[in-house]
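Undergrad: Fold the following and give me the result.
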Amino acid sequence: MTGLRIIFMGTPEFACPTLRTLIDRGENVVAVVTQPDRPKGRGQQTLPPPVKVLAEEHGIKVLQPVKVRLPESIEEIRALEPDLIVVIAFGQILPKALLDIPKYGCINVHASLLPRYRGAAPLNWCIINGESETGVTTMMMDVGLDTGDMLLKSATPIDPDEDTQSLHDRMSKLGAELLAETLDRLVAGELVPEKQDDSLTCYAPIMKKEDGLIDWQKSARDIKNQVRGMTPWPGAFSYLDDKLLKVYKVQTAAGTGVPGTVLAASRDGIEVACGEGSLLISELQLEGKKRMAAGDFLAGYKVQPGLALGRKDAAVGV
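TA: Numbering: from 1, shown residues only. All right, here's what the predicted structure looks like:
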């Protein structure tokens with residue numbers, strides 16, 4: 001326990017292990033700042049952010065400014081007299097007037113090994129790009145986008161078959177552990193901030209649904225990385241008989257043919273030709289049906305070799 005007055009800023013499930021760690025350590029979390037409740041899911045039911053739910057379970061004051069950069073939001077936070085602000089996956093950019101409030105500054109937990117993968121979706125993009133290692137970084141925030149001085153890092157390998165959901169769950173725990181170590185070393189005066197080398201950076205932009213459209217002209221390896229990086233959201237997809245086909249699990253294979261055409265369909269899955277090699281789809285979801293194993297899908301849906309997958313308005317491929 002540091003004895004510091006801490007404000008925690010975070011929103012999704014990814015941030016919860018770090019907040020839980022602060023609570024378990026007995027830290028003085030004077031408030032949680034999170035995004036407003038918003039409609040979610042098919043029913044568009046208004047739901048609170050996971051961080052808000054956790055904070056309220058422990059009786060912590062919750063603030064939900066629509067825009068944290070508004071003067072009234074900044075003054076509300078200033079009035080709480082925080083010594084430190086901890087930020088993880090908050091979802092809004094913090095203005096300098098807010099960054100300057102706490103005596104010990106604002107520490108961000110970022111889900112990549114900075115300076116690589118600055119931005120909103122580092123978990124997705126490191127898998128899509130075929131990285132074999134990633135990690136978390138704690139840093140002192142400045143007015144740039146993930147450009148502050150680095151404090152500590154913790155690396156972890158990425159399994160070749162791992163998807164974003166699995167990596168998300170591991171990294172959220174890793175971030176919590178690293179933040180705890182960062183706080184201990186902060187109060188011990190042992191942290192040595194390190195400047196980021198901007199020449200080594202790359203950007204991880206926010207994911208869009210259209211990013212999930214599979215281009216069968218790409219290699220099987222690249223498409224597999226896309227499927228892994230897009231699962232569970234926004235999801236990789238193609239079209240089968242003019243219906244949306246979501247693709248959840250695949251393996252690369254050595255088949256050849258016109259990209260986007262079905263080479264074989266069996267209990268093992270649906271093999272589709274790619275620009276280089278082929279892809280065996282083992283788990284999928286066709287529009288209007290449940291997510292299921294390809295073998296179970298084929299028991300009720302006829303897929304013949306030579307059938308084309310691709311854009312809804314294209315004969316084959318994209």
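Undergrad: Just the CA trace of the longest helix along the chain, in PDB.
TA: The helix spanning the most residues in the chain, taking DSSP state H as the definition, is helix 164-187. This file holds the C-alpha atoms of helix 164-187, laid out as PDB (Å, rounded to 0.1, in the frame of the first residue of the first chain):
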ATOM      1  CA  THR A 164      -7.300 -11.700 -29.200                       C
ATOM      2  CA  GLN A 165      -9.700 -12.900 -26.500                       C
ATOM      3  CA  SER A 166      -7.100 -15.200 -25.000                       C
ATOM      4  CA  LEU A 167      -4.400 -12.500 -25.200                       C
ATOM      5  CA  HIS A 168      -6.700  -9.900 -23.700                       C
ATOM      6  CA  ASP A 169      -7.300 -12.100 -20.700                       C
ATOM      7  CA  ARG A 170      -3.600 -12.700 -20.100                       C
ATOM      8  CA  MET A 171      -2.500  -9.200 -20.700                       C
ATOM      9  CA  SER A 172      -5.100  -7.700 -18.400                       C
ATOM     10  CA  LYS A 173      -3.600  -9.700 -15.500                       C
ATOM     11  CA  LEU A 174      -0.100  -8.900 -16.600                       C
ATOM     12  CA  GLY A 175      -1.000  -5.200 -16.600                       C
ATOM     13  CA  ALA A 176      -2.300  -5.400 -13.100                       C
ATOM     14  CA  GLU A 177       0.900  -7.000 -11.800                       C
ATOM     15  CA  LEU A 178       3.100  -4.500 -13.600                       C
ATOM     16  CA  LEU A 179       1.100  -1.600 -12.200                       C
ATOM     17  CA  ALA A 180       1.500  -3.000  -8.600                       C
ATOM     18  CA  GLU A 181       5.300  -3.200  -9.200                       C
ATOM     19  CA  THR A 182       5.300   0.300 -10.700                       C
ATOM     20  CA  LEU A 183       3.600   1.800  -7.600                       C
ATOM     21  CA  ASP A 184       6.000   0.000  -5.200                       C
ATOM     22  CA  ARG A 185       9.000   1.300  -7.100                       C
ATOM     23  CA  LEU A 186       7.500   4.800  -7.400                       C
ATOM     24  CA  VAL A 187       7.200   5.300  -3.600                       C
END
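Undergrad: residues of it that come out buried?
TA: For helix 164-187, the neighbour count (16 or more other C-beta atoms under 10 Å) marks 164, 166-168, 170-172, 174-176, 178-180, 182-183, 186 as buried. Yep, even glycine has a C-beta here, placed from its N, CA and C like the rest.
Undergrad: and it, how far out from the chain's middle?
TA: 14 Å (C-alpha atoms, centre = their mean, to the nearest Å).
Undergrad: Check stretch 5-19 too.
TA: Using C-alpha atoms, centre = their mean, the offset of stretch 5-19 from its chain centre is 15 Å.
Undergrad: Contacts for it, please.
TA: 22, 27-35, 49-51, 54-55, 68, 77, 80-91, 94, 102, 109, 111, 168, 171-173, 175-176, 179 (C-beta atoms under 8 Å, 6 or more residues apart in numbering).
Undergrad: quick one: which of the residues you listed sit in strands?
TA: 28-33, 84-88, 109 (DSSP state E).
Undergrad: Include pLDDT, distance to Ile6 and neighbour count when you put the residues you listed into JSON lines, please.
TA: What follows is those, written out as JSON lines (pLDDT from 0 to 100; distance: C-beta to C-beta, whole Å; neighbours: other C-beta atoms under 10 Å):
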{"residue": "Asn28", "pLDDT": "98", "distance to Ile6": "6", "neighbour count": "14"}
{"residue": "Val29", "pLDDT": "98", "distance to Ile6": "5", "neighbour count": "21"}
{"residue": "Val30", "pLDDT": "98", "distance to Ile6": "7", "neighbour count": "17"}
{"residue": "Ala31", "pLDDT": "98", "distance to Ile6": "9", "neighbour count": "21"}
{"residue": "Val32", "pLDDT": "98", "distance to Ile6": "10", "neighbour count": "27"}
{"residue": "Val33", "pLDDT": "98", "distance to Ile6": "11", "neighbour count": "28"}
{"residue": "Leu84", "pLDDT": "98", "distance to Ile6": "5", "neighbour count": "22"}
{"residue": "Ile85", "pLDDT": "98", "distance to Ile6": "7", "neighbour count": "26"}
{"residue": "Val86", "pLDDT": "98", "distance to Ile6": "6", "neighbour count": "29"}
{"residue": "Val87", "pLDDT": "98", "distance to Ile6": "11", "neighbour count": "22"}
{"residue": "Ile88", "pLDDT": "97", "distance to Ile6": "12", "neighbour count": "27"}
{"residue": "Val109", "pLDDT": "98", "distance to Ile6": "13", "neighbour count": "27"}
